[in-house]
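Enquirer: Need the 3D shape of this:
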Amino acid sequence: MGLWAWSLGTCFFELSQKPAAFMRVHALVLFAAVDLVAQTPALAPKPLWNGRDLAGWHGQRHFDPYKLAAMTPDKRAAMRAEDDATMRQHWRVDGAELVNDGDGAYLTSDVDFGDAEFQLSYKTVALADSGIYLRGCPQVQIWDTTEAGGKWKLGADKGSGGLWNNEKHPRMPLVLADRPFGEWNELRIVHVGERVWVWLHGKQTVDGAVMENYWDRQRPLPATGPLQLQTHGGA
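Expert: Numbering: from 1, shown residues only. Take a look at the predicted model:
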């Protein structure tokens, strides 16, 4: 069984002094495929983001992929143009970083992934709330886990790194592993078939749980789909 291994370098979600949430991402790196049976070593990494512009990425709002596929080509192209416009408005390159101002379409990979490994580092601050869509489905949760953040009733007290949108299968992280605001959080996600494993600083938060198909829970998770970095509004 092959496992595609990718790495999202340093990624953080922060809330500025202004009422808008920010996401910064840099050093996106692509690794070669690794055969889990033969233990074939990975090749040297290649950049997933070119460090200059948004080539290789497009905008896509939170939208049912089955409805998207059912659209006429003209309507689908029109929606893509709208999402690309909001992506360009709310995402920018700042030195070696991708920056989002907390609004606009999600930054979405042009490449679809099947079995994959993602590694990223992120920082978060008070009231931040976001996530990582796998194969276009929500999501590995990242948020403010403090009581002051106001989302304990939604499970924020359990921590980041869970499959928050699950209903039948485990949705909350196994441990609370979030570091204090201002410190880096190291996240590793392994996705094989419908199952997901997640570690936060080496502490396992998801252990092979089935990730449900948010868009149609009667269907299995799509075999492939894009990686999306969620934007989640202002403060």
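
Enquirer: So the residue nearest in space to the middle of the chain, which state does it fall into?
Expert: Geometric centre of the chain, nearest residue: residue 132, 1.7 Å, by CA atoms, centre = their mean. Counting by DSSP: H, G, I helix; E, B strand; the rest coil, the backbone at residue 132 sits in strand.

Enquirer: so how far is stretch 118-135 off the chain centroid?
Expert: Centroid separation for stretch 118-135 versus its chain: 6 Å, with CA atoms, centre = their mean, to the nearest Å.

Enquirer: Could you check that stretch and say which residues are buried?
Expert: In terms of neighbour count (16 or more other CB atoms under 10 Å), stretch 118-135 has its buried residues at 118-125, 127-135. In short, each C-beta sits where N, CA and C put it, glycine included.

Enquirer: Which secondary structure element is home to residue 79?
Expert: Using DSSP states H and E, residue 79 maps to helix 73-90.

Enquirer: Now the helix or strand that that helix is followed by: buried residues?
Expert: Next along the chain after helix 73-90, taking DSSP H and E as the criterion, comes strand 91-94. By neighbour count on 16+ other CB under 10 Å, the buried set for strand 91-94 is residue 91.

Enquirer: again, but for stretch 57-77
Expert: Judged by neighbour count using 16+ other CB under 10 Å, the buried positions of stretch 57-77 are 57-61, 65, 68.

Enquirer: Identify the residues contacting the helix holding residue 79?
Expert: Contact with helix 73-90 is made by 54, 57-61, 63, 68, 71, 100-105, 107, 231, as judged by CB atoms under 8 Å, 6 or more residues apart in numbering.

Enquirer: likewise stretch 152-163?
Expert: Under the criterion CB under 8 Å, 6+ apart, residues 124, 139-147, 149, 164, 169-173, 175-178, 185, 187, 196, 198-200, 205-206, 209, 211-212 lie in contact with stretch 152-163.

Enquirer: circling back to that earlier point, the residue nearest to the centre of the chain contacts residue 227, correct?
Expert: Yes - the pair residue 132 and residue 227 passes the contact test of CB atoms under 8 Å, sitting 7.2 Å apart.

Enquirer: shared neighbours of those two, which are they?
Expert: Common neighbours of residue 132 and residue 227 are listed as residue 118 (criterion: CB under 8 Å, 6+ apart).

Enquirer: which stretches of the protein have low pLDDT?
Expert: Scanning the chain for pLDDT under 70 picks out 1-46, 233-235.

Enquirer: where do the helices sit along it?
Expert: In the chain, the helices defined using DSSP state H lie at 65-70, 73-90.

Enquirer: Distance of the nearest residue to residue 212 once chain neighbours are set aside relative to residue 52?
Expert: If the residues on either side of it in the chain are set aside, residue 212 comes closest to residue 166, at 5.0 Å by CB to CB, 6 or more residues apart in numbering. Plainly put, residue 166 is 37 Å away from residue 52 if you go by CB to CB, to the nearest Å.

Enquirer: between the two, which one's more packed in?
Expert: residue 166 (19 against 8; other CB atoms under 10 Å).

Enquirer: still on that earlier bit, pick out whichever of the buried residues of stretch 57-77 sits closest to residue 114.
Expert: residue 65 (15.0 Å; CB to CB).

Enquirer: pretty sure that closest one contacts residue 135?
Expert: No - between residue 65 and residue 135 there is no contact under CB under 8 Å: 9.0 Å.

Enquirer: Give me the common contacts of those two.
Expert: With CB under 8 Å, 6+ apart as the test, residue 65 and residue 135 both reach 222, 225.
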